[in-house]
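Student: from the sequence below, what's the structure:
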Amino acid sequence: MNQVPRDPWPDATLPILRDPYRYISRRSRAFGADAFRTRLLGQPALCMTGPDAARFFYEPGAFTRQGAIPERIAGVLFGPDGIQRLDGEWHRHRKALFIDLMTGPTLDDLDAFAAESWDAAAVRFSEVEQIDVFPEIARVLTEAVCRWAGVPLGPNEVPATAEMLSSMFLHAGAVGPKHRRGVEMRSSAQAWARSHIRRARHDRAAGRRDVVSAIAGWHDADGTPITADVAATELLTVLRPTVAVAVYVTFVVIAMHRHAGYRERIAQDPEVRHWFVQEVRRLYPFFPMTAAMASHDLDWAGQAVPQGMRVLLDLYGTCRDPRVWNDPDRFWPERFKGWGGDAWTMIPQGGGEHRITHRCAGEWATIRLMELFAERFARSRYTVLSPDAAPDYRATPALPEGGLLLGDFRAP
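Tutor: The predicted structure is shown next:
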C-alpha cells in the first residue's frame, strides 16, 4: 500500500496556529506530495491540498463534520446545532433553506439595501479625517443584511450589532481575552436572534413573509419544526457571514491600491469588475482550510484513512495550485475571462455542488456584494493612509494589522 509522507514535527497544532494559511501547501511542497500525515491536538491527522484532494474530501457520505473543528472554535463561529454540524440527508434538507434564501430576486433586495447603506455611510466618510475600511463596511453590511432579513436596526443599534456579529468570526480562533469576548458575543447574539425568531413565529400567523420568518418556520427532514435555539443559530448563519464579506471588501481595496490600473475599468466595466473580484477571492486569504472526520474506513490513492481520522483540506493553497493556475501568485484578473467555473479548483468558500456539499450557500451573495463595493470604491476619491497594509497571515481572518486607513474620502 502507498504511504503518504509523515511530518517529523511531533504535532502540527502550533505550526498551524502560526501560519494557518500556508502551512499545508508549504509542507506539501516540501514533501513533494498532495497529502501528508501529522498529528493535530495530539491525534493523527491527514493534511491534503489540490483538486483531487477536494474531490475526495467532498465525496458524499465519506466524512462527517461532527467533532472536526475544536469546540472552543466551533461554538463561537457556528453556534449550537447549526447547519455546519449536520451531515447527509439532514444537511441537504437544511441546506435547501439557505439555497432558497441566497438565490434569485431576494439577492437583488440585499444589493439594494447594501447600496442604500453605503450611500448614507459615504456621506459620513467625507466628514471625518479617516476611516478604517473593515469596521466601516462591517457596519454598512450589518445595517443592510439585518434590514433584508427582517430584523431592521435603529441607527444607534448598528455599531454594537456589527461588533457582535463580527466578533464571532474575528475571535473564534483567538486565545485569552479576545476569545472570551467571542464567547460572550456569541451568547449575546444567540439571545438576540432567539428573540427575533419568537417574534417572527408570533407574527407569521398574520402572514409575515421575510428571511427571519422563513427560518422560524423551517422543519427538519423528519418534519419536526426546528427549535427557537436552532432557528436563532441559523439566523446568525445568514447574518454573520454576510457581515464577514467586509473582510473581502478590505482585500478588494488593498488590491485596487496595488493594481491601480484596474480602477477605472472596475468602475466602468461589470465584466472586468467580476474578474477582479474573482481574483481577489482566489488570491487573498479568507478561509485557510476546512476540516472533517472520516465517517468510515476510506482509501485515497492507496492511503488508508481510518474511521475517525481528522482530515484538513487546504482551501487557500488549492486556489494557488500551480498545476491548475498559470503563474498562480500573480494577480491577473484576466485569467477569469471565459472561465466556466470549476467546483474543485476555485474553492475559497468550499468545493463541490452547493446544494449537496458544505460549500457556502452565500457564495453568490459574496461575489455580488464584493462587486458592488468594488464599483463604489473605484468611483470614489480617497487617499490611502496605510499604503503598506497587507494581509496578516498569522491571523484568521487575515485582516491587515493596524487596519486599512483611508482619508480625504469623497464619493461621486
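
Student: ranges for the strands of the stretch 1-150 of the chain?
Tutor: 35-40, 43-49, 63-64, 130-132 (DSSP state E, counting those that start in this stretch).

Student: paired strands for the shortest one, with orientation please.
Tutor: Within its sheet, and counting by DSSP bridges, strand 63-64 is paired with strand 289-294 (antiparallel).

Student: so how far is the partner strand from its chain's centroid?
Tutor: 16 Å (CA atoms, centre = their mean, to the nearest Å).

Student: between strand 35-40 and that strand, find me the angle.
Tutor: Relative orientation of strand 289-294 versus strand 35-40 (axes from the mean of the first three to the mean of the last three CA atoms, to 10 degrees): 90 degrees.

Student: now strand 289-294 against strand 43-49, angle please.
Tutor: 130 degrees.

Student: any idea of the mean pLDDT in strand 289-294?
Tutor: In this model, strand 289-294 has an average pLDDT of 97.

Student: repeat for stretch 387-404
Tutor: 96.

Student: pull out the buried positions in that stretch.
Tutor: Across stretch 387-404, burial judged by 16 or more other CB atoms under 10 Å covers 389, 391, 393, 395-400, 403-404. For glycine as for every other residue, the C-beta is placed from the backbone atoms N, C-alpha and C.

Student: ditto for stretch 370-385
Tutor: Counting neighbours by 16+ other CB under 10 Å, one finds that the buried residues in stretch 370-385 are 370-378, 380, 382, 384-385.

Student: for P288, list the residues it contacts.
Tutor: Taking CB atoms under 8 Å, 6 or more residues apart in numbering, we find P288 in contact with 20-21, 314-316, 396.

Student: just to revisit the earlier point, could I get the buried residues of stretch 387-404 as a markdown table with distance to G50?
Tutor: Below are the buried residues of stretch 387-404 laid out as a markdown table (distance: CB to CB, whole Å):
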| residue | distance to G50 |
| --- | --- |
| A389 | 30 |
| P391 | 22 |
| Y393 | 20 |
| A395 | 25 |
| T396 | 21 |
| P397 | 23 |
| A398 | 21 |
| L399 | 27 |
| P400 | 28 |
| G403 | 34 |
| L404 | 32 |
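
Student: ok so, going back, closest one of the contacts of P288 to H91?
Tutor: L315 (18.9 Å; CB to CB).

Student: just confirm the closest one contacts A291, I think it does.
Tutor: No: counting by CB atoms under 8 Å, L315 does not reach A291; the two are 10.7 Å apart.

Student: output the strands of the stretch 1-150 of the chain as a markdown table; include the columns mean neighbour count, distance to F78 and mean pLDDT.
Tutor: Output for the strands of the stretch 1-150 of the chain, formatted as a markdown table (neighbours: other CB atoms under 10 Å; distance: least, CB to CB, whole Å; pLDDT from 0 to 100):
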| stretch | mean neighbour count | distance to F78 | mean pLDDT |
| --- | --- | --- | --- |
| strand 35-40 | 20 | 19 | 95 |
| strand 43-49 | 22 | 20 | 96 |
| strand 63-64 | 22 | 14 | 96 |
| strand 130-132 | 18 | 27 | 98 |
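
Student: could I get these as TSV with distance to Y262?
Tutor: Listed next are the strands of the stretch 1-150 of the chain as TSV, based on distance: least, CB to CB, whole Å:
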stretch	distance to Y262
strand 35-40	36
strand 43-49	29
strand 63-64	39
strand 130-132	22
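
Student: relative to D329, which of those is closest?
Tutor: The nearest among the strands of the stretch 1-150 of the chain, by CB to CB, is strand 43-49 at 15.2 Å.

Student: packing partners for the closest one?
Tutor: Helices and strands touching strand 43-49, by 3 or more CB pairs under 8 Å, 6 or more residues apart in numbering; DSSP states H and E, are helix 23-31, strand 35-40, strand 310-314.

Student: which of those sits most buried?
Tutor: strand 310-314 (a mean of 25; mean count of other CB atoms under 10 Å).

Student: how far away is L385 from I367?
Tutor: 28 Å (CB to CB, to the nearest Å).

Student: got it, and D108?
Tutor: 14 Å.

Student: number of residues surrounding E363?
Tutor: Number of residues near E363 (other CB atoms under 10 Å) recorded here: 16.

Student: quick check: it touching G352?
Tutor: No: contact criterion CB under 8 Å: E363 and G352 do not qualify, at 11.5 Å.

Student: mind listing what's buried in the helix or strand of the chain at the bottom of the mean pLDDT ranking?
Tutor: Sorting the helices and strands of the chain by mean pLDDT, DSSP states H and E puts strand 303-305 at the bottom, at a mean of 90. Across strand 303-305, burial judged by 16+ other CB under 10 Å covers 303, 305.

Student: go on, stretch 114-133?
Tutor: For stretch 114-133, using 16+ other CB under 10 Å, the buried residues are 114-115, 117-118, 121-122, 125, 131-133.

Student: re earlier: okay, now the sheet partners of the least confident helix or strand of the chain, with direction.
Tutor: strand 298-300 (antiparallel).

Student: what is the mean pLDDT for the strand it pairs with?
Tutor: 93.

Student: ditto for stretch 323-336
Tutor: Stretch 323-336 comes out at a mean pLDDT of 97.

Student: endpoint to endpoint, it covers what distance?
Tutor: 16 Å (CA to CA, to the nearest Å).

Student: which stretches of the stretch 1-150 of the chain have low pLDDT?
Tutor: Scanning the stretch 1-150 of the chain for pLDDT under 70 picks out the ranges 1-2.

Student: so which residues of it form helices?
Tutor: 13-18, 23-31, 51-57, 71-77, 88-101, 105-125, 133-149 (DSSP state H, counting those that start in this stretch).

Student: that older thread, output the helices and strands packed on strand 43-49 in JSON lines; the columns should cover distance to R55.
Tutor: Formatted as JSON lines, these follow (distance: least, CB to CB, whole Å):
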{"stretch": "helix 23-31", "distance to R55": "16"}
{"stretch": "strand 35-40", "distance to R55": "13"}
{"stretch": "strand 310-314", "distance to R55": "10"}
